[in-house]
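>>> quick one: sequence and predicted model below, then my questions.
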Amino acid sequence: MPKIRIMRIYLVVVFLCLACLPTAYGLELSPERLEWLRIEIRRHDELYYETGEPEISDLEYDRLKKELVDTEALTERTSSGSISGSDISKHAHRVPMLSLEKAYEIGELQSFHGECARNLGTEELEYWIEPKVDGVAISAVYEHGYLVRVLTRGDGERGKDIGERLVHSGCLPARLQMGAPEFVEVRGEAYIPMEAFERINVLRKDEGLPAHSNPRNLATGTLMGVDEDTIIGRGIKLVFFGWGAWEPDANQPVDYTEYRDWLQDNGLPAIGEVELVRGSKELLESVRRLQRERDGWPFAADGLVVKLNSTHERERMGWSAIGPNWAVAWKFPPDTEESVIESIVWQMGRTGRLTPVAEFKQVVLKGRKIQRASLHNLATLKYRGFRVGDQVRVELAGDVIPAVYPIAGDKRSANNREVPVPVCCPWCSGKLIQSGTGASLDCPNISCPERVKRQLDYFCKTLGMRDVKTRRMSELVDKGIIRGFQDVFSTQEQIQGLSKTMSLPLWRKIQSLGLPGIGKVGAKEIAEEFGSLKEWMKVASMKLDAQAVELVSAAAGFWE
């Protein structure tokens, strides 16, 4: 056979093999899927790091990121910069605040140790094991011993400065006393102690207010506030467990043991519930023991962090695009119960998006009675193949959010039935639209009564109008007094408490409008840049759709 013909056959085979790669790995290489992954991950980043209200577990988030990285690699793209949020921060981290690789099985911990042992040439490695405090990541920046700023994690590259409030509230020293380098980023976590969290919820219950869902969300809201008295009253505490930049580099601690001593010398709190171990056997024994003791800790924790003690060994292990190769986060297995899906219903959101919700036989997790869980979107419903009658595993994602997962195999009932996807809105009968490459189901009717009710509910909660009853708002919509959300400003005399919102900060008013893509963070930036709704309208009228312009105009007419 001629060589040219052989070469042609070879090239065809190679081409076919490459073409089959996406199918072999179960990846969809369409541009729409890539864009959806990027948008979805960016949305979850904002929910986790900015608002403190995650919708999915860390495991689900990790799967999304892995799919994005793998898919981009197969399409000869890079993931650099593709999943970060918009650049809304004020200061850059000199060393980025990255994530940790996560381990969910003991075998993954053993693999981590094995990788370190192979690279460093010894099995007798020293590790520090400490709780993974579930709070808000911060970085305290000191120059020549003086605190110059405290940044939130932000997008990992840039964070917001919350230092003034923390210094005034006495949470950390304004000056280092001993061994201060020329420049250092002291990394840690801000959290609400469990005792303070429970006390605050008791007080809220006495006042007839809903309880805060978890300490992390409360810590996020507290730090993003403007009053240091709130920080003091809620008992915010800090713990430090690492560093970013340390200059001069030659003077950084030789190991984590020395660093903990340095923290203590300078009045910077370190985690007390820690263990120093040597080798794989002690590592696994310590992880199991600390996991059993977690209910007695004074803070919420969603896992443990295992990290090499030696700074030199850390440098030899290096970093990946995700984070350090010398540390891993062991995630506590969630409490779970099995149940049976009794129905799948659709729930309207304030933007018109319909969310499937699974209703199942009641289970009890961490003392909570649970019988409903969001399925997030149409794509999740289809991907997981949920059906009425299915047996499912129920757990609390992040120990907070109810989540359900299908149980594969012979536990699927023969009498299960598929849930039809609605074509028309259950509340206004208008035609629904599938968007985001079929991942989402939306009602485009801005006058849909259920959509208006959800908008009004968000509006009242954001403005702190506790005296407004949900039933009252529903009545105004059902009677046709409020036909569109903007009507709230022309019928203000019928809504108790709306007049009291005049003195609220501008950003709260902007956020309460619930415009797509504008949450708390975006609202604060708009308020800071423009100073009034009318000034913002001069620019926004060119970027927002007609309905949004009408809403902002009505709000400006009432508040200004």
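Cool, the structure landed. Numbering: from 1, shown residues only.
>>> what score does V277 have for pLDDT?
V277 carries a pLDDT value of 97.
>>> contact partners for it?
Shown here is V277, whose contacts under the criterion CB atoms under 8 Å, 6 or more residues apart in numbering are E126, Y127, I129, L283, E285, S286. C-beta coordinates here come from the backbone N, C-alpha and C atoms, glycine included.
>>> can you say which of those residues are buried?
The neighbour count (16 or more other CB atoms under 10 Å) marks E126, Y127, I129, L283, S286 as buried among those.
>>> now do the strands in the stretch 301-450 of the chain.
For the stretch 301-450 of the chain, the strands defined by DSSP state E, counting those that start in this stretch occupy 301-308, 327-331, 336-348, 353-365, 368-374, 387-388, 391-397, 401-406, 417-418, 433-435, 440-442.
>>> average pLDDT for the second one, rounded please.
The predicted model assigns strand 327-331 a mean pLDDT of 95.
>>> helices or strands up against it?
Judged by 3 or more CB pairs under 8 Å, 6 or more residues apart in numbering; DSSP states H and E, strand 327-331 is in contact with strand 102-103, helix 106-120, strand 301-308.
>>> and if we set it to 6 Å?
strand 102-103, strand 301-308 (3 or more CB pairs under 6 Å, 6 or more residues apart in numbering; DSSP states H and E).
>>> ok, now the fourth one?
Contacts defined by 3+ CB pairs under 6 Å, 6+ apart place strand 353-365 against strand 336-348, strand 368-374, strand 440-442.
>>> contacting residues around the shortest one?
Under the criterion CB atoms under 6 Å, 6 or more residues apart in numbering, residues G352, R353, L354, N377, L378, L432, I433, Q434, S435 lie in contact with strand 440-442.
>>> between these, which is closest to K65?
N377 (17.7 Å; CB to CB).
>>> surely that closest one is in contact with V421?
No. Taking contacts as CB atoms under 6 Å, N377 lies outside contact range of V421: 11.5 Å.
>>> who's more crowded, the two?
Legend: neighbour count by other CB atoms under 10 Å for N377 and V421, higher for N377 (20 against 15).
>>> for C428, see how far away that one is.
Distance, N377 to C428, by CB to CB, to the nearest Å: 20 Å.
>>> hang on, the earlier thing: could the strands of the stretch 301-450 of the chain be laid out in JSON lines, adding distance to L68 and mean neighbour count?
Shown next, in JSON lines, are these (distance: least, CB to CB, whole Å; neighbours: other CB atoms under 10 Å):
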{"stretch": "strand 301-308", "distance to L68": "23", "mean neighbour count": "22"}
{"stretch": "strand 327-331", "distance to L68": "20", "mean neighbour count": "21"}
{"stretch": "strand 336-348", "distance to L68": "27", "mean neighbour count": "16"}
{"stretch": "strand 353-365", "distance to L68": "22", "mean neighbour count": "18"}
{"stretch": "strand 368-374", "distance to L68": "22", "mean neighbour count": "15"}
{"stretch": "strand 387-388", "distance to L68": "28", "mean neighbour count": "18"}
{"stretch": "strand 391-397", "distance to L68": "20", "mean neighbour count": "20"}
{"stretch": "strand 401-406", "distance to L68": "21", "mean neighbour count": "19"}
{"stretch": "strand 417-418", "distance to L68": "29", "mean neighbour count": "10"}
{"stretch": "strand 433-435", "distance to L68": "20", "mean neighbour count": "13"}
{"stretch": "strand 440-442", "distance to L68": "18", "mean neighbour count": "21"}
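>>> out of these, which comes closest to F240?
Across the strands of the stretch 301-450 of the chain, closest to F240 is strand 301-308 (CB to CB), at 12.9 Å.
>>> which elements pack onto the closest one?
Counting contacts by 3+ CB pairs under 6 Å, 6+ apart, strand 301-308 packs against strand 126-133, strand 327-331.
>>> I'd like those strands as JSON lines, with distance to A321 appended.
Listed next are the helices and strands packed on strand 301-308 as JSON lines, based on distance: least, CB to CB, whole Å:
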{"stretch": "strand 126-133", "distance to A321": "21"}
{"stretch": "strand 327-331", "distance to A321": "15"}
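>>> out of those strands, flag the one nearest E275.
Closest to E275 of the helices and strands packed on strand 301-308 is strand 126-133 (CB to CB; 4.9 Å).
>>> quick one: name whatever helix or strand follows that closest one.
Following strand 126-133 in sequence order, the next helix or strand is strand 136-143 (DSSP states H and E).
>>> against D161, how distant is K237?
Taken as CB to CB, the span from K237 to D161 is 20 Å.
>>> so these two - more neighbours on which side?
More crowded of K237 and D161, by other CB under 10 Å: K237, with 18 against 15.
>>> excluding its backbone neighbours, what's nearest P131?
A301 (4.1 Å; CB to CB, 6 or more residues apart in numbering).
>>> so that neighbour bridges to which residues?
On the basis of DSSP bridges, A301 is bridged to V133.
>>> am I right that it is in contact with I129?
No. Under the criterion of CB under 6 Å, A301 makes no contact with I129, lying 12.0 Å away.
>>> among the contacts of V277, which pair sits farthest apart?
The distance between the two most remote of those (CB to CB) is 14.7 Å, for E126 and E285.
>>> out of the contacts of strand 440-442, who's nearest E313?
Closest to E313, out of all of these and judged by CB to CB, is N377, at 43.8 Å.
>>> the closest residue to C428 other than its chain neighbours and A555, how far apart?
Among residues not flanking C428 along the chain, C448 sits closest, at 4.1 Å (CB to CB, 6+ apart). From C448 over to A555 the distance is 20 Å, taken as CB to CB.
>>> phi, psi for S99 please.
Per-residue torsions, S99: phi -100, psi -180 (degrees, to the nearest 10).
>>> I figured it was touching A321, is that so?
No. Contact criterion CB under 6 Å: S99 and A321 do not qualify, at 10.0 Å.
>>> okay, the two: which has more neighbours?
Using other CB under 10 Å as the criterion, S99 and A321 rank with S99 on top: 17 against 10.
>>> for the stretch 151-300 of the chain, what are the low-confidence residue spans?
Counting by pLDDT under 70, the stretch 151-300 of the chain has low-confidence residues at 208-210, 225-229.
>>> now the strands for it?
Under DSSP E, counting those that start in this stretch, the stretch 151-300 of the chain gives strands at 158-159, 183-191, 237-247, 275-278.
>>> with respect to V345, which of those strands lies nearest?
strand 183-191 (35.9 Å).
>>> pick the one among the buried ones among the contacts of V277 closest to L515.
Using CB to CB, I129 comes nearest to L515 of the buried ones among the contacts of V277, at 45.3 Å.
>>> bridge partners for the closest one, pull those for me.
E275, V306.
>>> same question, the one 10 residues further on
According to DSSP bridges, L151, R187 are recorded as the beta-bridge partners of S139.
>>> circling back: which ones are touching the residue nearest to C428?
C425, W427, C428.
>>> top of the residues you listed by number of neighbours, please.
C425 (23 neighbours).
>>> ok, now how distant is the nearest residue to that residue once chain neighbours are set aside from F386?
With sequence-adjacent residues excluded and distances taken as CB to CB, 6+ apart, C425 is closest to C443, at 4.4 Å. Counting by CB to CB, the gap from C443 to F386 is 22 Å.
>>> next, count neighbours for H93.
Residues near H93, counting by other CB under 10 Å: 22.
>>> what does it show for phi and psi?
Torsion angles, degrees, to the nearest 10, at H93: phi -80, psi 130.
>>> how about the one 4 residues further on?
According to degrees, to the nearest 10, the main-chain angles of M97 amount to phi -90, psi 90.
>>> start the count at 704 instead of 1 going forward.
OK, 704 is where the count begins now, so the last one is M800.
>>> so it is in contact with R856, correct?
Yes. With contact defined as CB under 6 Å, M800 counts as touching R856 (4.7 Å).
>>> which residues do the two both contact?
With CB under 6 Å, 6+ apart as the test, M800 and R856 reach no residue in common.
>>> what's the following helix or strand after the host helix or strand of W1210?
Using DSSP H and E, the element containing W1210 is helix 1209-1215. Next in sequence after helix 1209-1215, counting helices and strands by DSSP H and E, comes helix 1223-1233.
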